[in-house]
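Sequence plus predicted model, see below.
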Amino acid sequence: MQIGDTFYWGDGGHLWVVISDPSCHGGEFIMVNLTKDSFRAGKECELNRGDHRWISEKTYVSFGDAKKVGPKETVNLEKGIANGVIRTHYPMRPTVLQKIVAAAKQSKALPEEYIEFL
């Protein structure tokens, strides 16, 4: 996994985005998901059609659902990708990724202990 990678489970669902660099933190990284549900995600970071190929309408980054992933979980993600349970998508454009990371640093929903990874 690399910063900016995106993926989703199955035939749809939420797109997950790697927002920190695993090579800087012993293989650990933070990932967040995108949702159209502004109530669930809040409006700390709004994305729109054109920000990523997966996004077809106003979408929000759900910092409250962020996950810290370590080397063991990465192996499971890679196995899921290899067997088709998890599907990769186009990487997040650097400018959009910067917007997400900047919002994450200010987020009230992102667990504080995740900030050091950004």
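Thanks, I have the structure now. What you are looking at is a predicted structure, and each value in this text was computed from that prediction instead of being measured.

As a check, name the ranges of all helices in the chain.
Secondary structure of the chain (DSSP state H): helices at 38-41, 71-82, 94-106.

These into CSV, with extra columns for mean pLDDT and distance to residue 51?
Where you see a C-beta, it was placed from the backbone N, CA and C, and this is true even at glycine. What follows is the helices of the chain, written out as CSV (pLDDT from 0 to 100; distance: least, CB to CB, whole Å):
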stretch, mean pLDDT, distance to residue 51
helix 38-41, 89, 15
helix 71-82, 95, 23
helix 94-106, 98, 5
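
Return the most buried member of those helices.
Using mean count of other CB atoms under 10 Å, the stretch among the helices of the chain with the largest mean neighbour count is helix 94-106, at a mean of 16.

The helices of the chain: which one's closest to residue 114?
Nearest to residue 114, of all the helices of the chain, is helix 94-106, at 7.7 Å by CB to CB.

which residues sit against the closest one?
Outside helix 94-106, the residues that touch it by CB atoms under 8 Å, 6 or more residues apart in numbering are 3-4, 17, 19-20, 30, 32, 44-45, 47, 51-52, 61, 63, 66, 92, 110, 114-115, 118.
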